[in-house]
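J.: Sequence first, predicted coordinates after that:
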Amino acid sequence: MQAVAPLKEVTDIIKEEGGEILKLCYQCGLCTATCPWNLVRSFAVRKLLRQAQLGLVDFESEDVWTCVACRLCVQRCPRGVEVPDIMTALRRVIVEVGVGKVPDSLRIVFKSISGVGNPLGEPPEKRADWARDLGVKTYTKGTEILYFPCCVPAYDPIVQRVARATVNILKKADVDFGILGVKETCCGESVRKAGNESLFQRLAQSNISAFQEAGVNKILVTSPHCYNTFKNEYPQCGGNFEVIHFSQYLAQLIKEGRLKFTKELNKRVTYHDPCCLGRQNGIYNEPRQVLESIPGLEMVEMVDSRENSLCCGGGCSGRVWMETKKGERFSDLRIEQAVETGASILAISCPYCMLNFEDSLLTLDKGDIIEVKDIAQLVEEAI
């Protein structure tokens, strides 16, 4: 039986999420035609939007949880409809009104973040273990920069290499920085986009309080998801800080002559634009400037790049924590696009992208053809 929430509750939540703009949708279908899901299966965004307009969404359908919030549809919508906001609103109906069911994997992530402050379910007291032997100081008032690595680089053994490379680069450039370690918690981006607004507000207030108590003014982040959340969403919660993504900061350090390369990296490299850094925040040039400045490195572009970049599948919607069937993974398609360029390295600047691409390298058995490396790792190799 189809689960339909009371019309008033559906429309009220949609309006609260900025869904008033939904009335501009005139059902042209361009969103469905644009959606990358249709490269691997059918997904009618237009139909879901129409159901939302009428307050008749089937909240038992997996379609409510499918959108990755990559924003390709927003970029091309002739009416400026913020489709990801509508999807967030529909998920809030499930989470807050209690109609429908939260996917099991996402429910576990909600529980982990609520209980221990990270989606991996790791002990909060181990959050700074990745930096234990690096001589990184705890951030105190007067320190220039707070480095916030994100939950994934803090705990995942593979992605920890990115945080460690970042620290080594910052020390090489003589940057005054520190970390907050156990005082940090998840930024909350995924849970908010997955409809758990109350948990997001709790996480945001926890981080904002920790930042303010430590006297933080400038935050340097590894994750585009943290970047977008701290820069564009925390101000709504009373947290106003200068936020910079590490690719931007690297470009700045190189331009100022504070970071110099001493080795050639004779590799052909292609760069993947993360949705949250690219389409969400317009950061396309700085990562390429950094890569092009590395001696010996040859840059090549994939078929879909910059504004047209194909999402890795993790997206900006909590989708990274949900199961995606084999044969329906965008990351598999993206690895194939990278291989077609003849590159031996797929450069990335997002922890979620690294998780998905590393998984695809294994399932596609392409690890002997191409490697996945963060920009920070490539820079560390060349300095």
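T.: Thanks, I have the structure now. Residues are numbered from 1 along each chain as shown.

J.: mind listing the helices for the stretch 101-250 of the chain?
T.: Using DSSP state H, counting those that start in this stretch, the helices of the stretch 101-250 of the chain run over residues 104-116, 151-155, 160-172, 189-193, 197-214, 224-228, 246-255.

J.: Actually, the stretch 251-383 of the chain.
T.: Under DSSP H, counting those that start in this stretch, the stretch 251-383 of the chain gives helices at 285-293, 330-340, 351-364, 375-382.

J.: re the thing from before, would you convert the helices of the stretch 101-250 of the chain into CSV that also reports mean neighbour count and mean pLDDT?
T.: Backbone N, C-alpha and C define where each C-beta goes, glycine included. Compiled in CSV, those are given as follows (neighbours: other C-beta atoms under 10 Å; pLDDT from 0 to 100):
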stretch, mean neighbour count, mean pLDDT
helix 104-116, 17, 95
helix 151-155, 24, 96
helix 160-172, 21, 97
helix 189-193, 25, 93
helix 197-214, 18, 97
helix 224-228, 27, 97
helix 246-255, 22, 98
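
J.: any chance of those helices in JSON lines, plus distance to Lys183?
T.: Listed next are these as JSON lines, based on distance: least, C-beta to C-beta, whole Å:
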{"stretch": "helix 104-116", "distance to Lys183": "14"}
{"stretch": "helix 151-155", "distance to Lys183": "12"}
{"stretch": "helix 160-172", "distance to Lys183": "16"}
{"stretch": "helix 189-193", "distance to Lys183": "19"}
{"stretch": "helix 197-214", "distance to Lys183": "4"}
{"stretch": "helix 224-228", "distance to Lys183": "15"}
{"stretch": "helix 246-255", "distance to Lys183": "21"}
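
J.: wait, which of these is closest to Thr140?
T.: helix 197-214 (6.9 Å; C-beta to C-beta).

J.: so how far is the closest one off the chain centroid?
T.: Here helix 197-214 shows a centroid-to-chain-centroid distance of 19 Å under the convention C-alpha atoms, centre = their mean, to the nearest Å.

J.: Stretch 28-48 now?
T.: On the basis of C-alpha atoms, centre = their mean, stretch 28-48 sits 22 Å off its chain's mean C-alpha point.

J.: in that stretch, what's buried?
T.: For stretch 28-48, the neighbour count (16 or more other C-beta atoms under 10 Å) marks 30-32, 34-37, 40, 43-46, 48 as buried.

J.: Tell me which two of those sit farthest apart.
T.: Across the buried residues of stretch 28-48, no pair lies farther apart than Leu30 and Val40, at 19.1 Å, counting by C-beta to C-beta.

J.: quick one on the thing from earlier: which one, of the helices of the stretch 251-383 of the chain, ends up nearest to Glu197?
T.: helix 351-364 (21.0 Å).

J.: That closest one relative to helix 375-382, how many degrees between them?
T.: Computed with axes from the mean of the first three to the mean of the last three C-alpha atoms, to 10 degrees, the direction of helix 351-364 lies at 80 degrees from that of helix 375-382.

J.: Return the member of the buried residues of stretch 28-48 nearest to Glu184.
T.: The nearest member of the buried residues of stretch 28-48 to Glu184, counting by C-beta to C-beta, is Pro36 at 32.1 Å.

J.: if I look at the closest residue to Cys150 other than its chain neighbours, how far off is Val57?
T.: Ranked by C-beta to C-beta, 6 or more residues apart in numbering and with sequence neighbours excluded, the top spatial neighbour of Cys150 is Ser223, at 3.7 Å. Relative to Val57, Ser223 is positioned 31 Å away (C-beta to C-beta, to the nearest Å).

J.: can you check Val221 too?
T.: 34 Å.

J.: Now Asn118: phi and psi?
T.: phi -150, psi 150 (degrees, to the nearest 10).

J.: From what I see, it and Arg127 are in contact.
T.: Yes. In terms of C-beta atoms under 8 Å, Asn118 counts as a neighbour of Arg127; the distance is 7.2 Å.

J.: quick one: common contacting residues for those two?
T.: Residues touching both Asn118 and Arg127 by C-beta atoms under 8 Å, 6 or more residues apart in numbering: 154-155.

J.: domain ranges for this protein?
T.: Per the record, the chain has its domains at 7-97, 104-251, 261-382, by automatic domain parsing.

J.: Any stretches of the stretch 251-383 of the chain with poor pLDDT?
T.: Within the stretch 251-383 of the chain, not a single segment meets pLDDT under 70.

J.: Next up, the contacts around the residue most central in space within the chain.
T.: A centroid search over the chain (C-alpha atoms, centre = their mean) returns His225, at 3.7 Å, as the residue closest to the centre. Applying C-beta under 8 Å, 6+ apart, we find His225 in contact with 150, 187, 189-190, 276, 316, 350, 352.

J.: swap in Arg76?
T.: 30-31, 34.

J.: returning to what we had before: closest to Leu134 among the buried residues of stretch 28-48?
T.: When those are compared for distance to Leu134 (C-beta to C-beta), Pro36 wins out at 38.0 Å.

J.: ok, now which ones touch that closest one?
T.: With C-beta under 8 Å, 6+ apart, Pro36 has these contacts: 68, 70, 72, 310-311, 330.

J.: can you check Asn207 too?
T.: 184-185, 187-188, 234, 239 are the contacts of Asn207 under C-beta under 8 Å, 6+ apart.

J.: Closest to Glu62 out of those residues?
T.: Of all the contacts of Asn207, Gly188 has the smallest distance to Glu62: 23.8 Å, by C-beta to C-beta.

J.: Skipping its backbone neighbours, what lies nearest Arg50 in space?
T.: Of all residues not flanking Arg50 in the chain, Gln27 sits nearest, at 6.1 Å (C-beta to C-beta, 6+ apart).

J.: wait, isn't that neighbour in contact with Val45?
T.: No. Using C-beta under 8 Å, Gln27 is not in contact with Val45, being 10.7 Å away.

J.: who are the neighbours in contact with the spatially closest residue to Val40 that is not a sequence neighbour?
T.: Excluding the flanking residues, the one nearest Val40 by C-beta to C-beta, 6+ apart is Glu328, at 4.4 Å. Residues near Glu328 by C-beta under 8 Å, 6+ apart: 37, 40-41.
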